[in-house]
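**Q** Starting from these lines, generate the structure:
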Amino acid sequence: MDQRVILHPLVSEKTSIMMEKENKLEFKVPISVSKKEIKEAVEKKYGVKVEKVNTRIDKNGKRAIVKLASPYKAEEIGMKIGVF
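**A** You can find the predicted model right below:
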């Protein structure tokens, strides 16, 4: 699998709230990758289970919003990857 599925995490006030209240992380990803590829990459890279992946494309490229399955905590992953 291509190591460039996840380009970098996105950090903003909105993503911090999503992390805390909805157990979600947001990443910048290449436009060509599928939800399945994103799910597999996040699970492998961070050692978690992903419940759902939503994507959207805006003027800045493609974003993936990843909801983690319980008992995994988005805040813990955020601290590990330096979001906080």
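**Q** any idea of the pLDDT on the residue lying closest to M18 once chain neighbours are set aside?
**A** Distance criterion C-beta to C-beta, 6 or more residues apart in numbering; nearest residue to M18, sequence neighbours excluded, is K24 at 4.4 Å. For every residue, glycine as well, the C-beta is placed using N, CA and C. Among the per-residue scores, K24 holds a pLDDT of 96.
**Q** Can you name the residues bridging to K24?
**A** On the basis of DSSP bridges, K24 is bridged to K67.
**Q** Please look at it and I65 and confirm they touch.
**A** Yes - K24 lies in contact with I65 (C-beta atoms under 8 Å); the separation is 5.5 Å.
**Q** Can you pull the residues that touch both of these two?
**A** Listed as contacting both K24 and I65 by C-beta atoms under 8 Å, 6 or more residues apart in numbering are M18.
**Q** about what we covered before: contacts only, for the residue nearest to M18.
**A** Per C-beta under 8 Å, 6+ apart, neighbours of K24: M18, I65, V66, K67, L68, A74.
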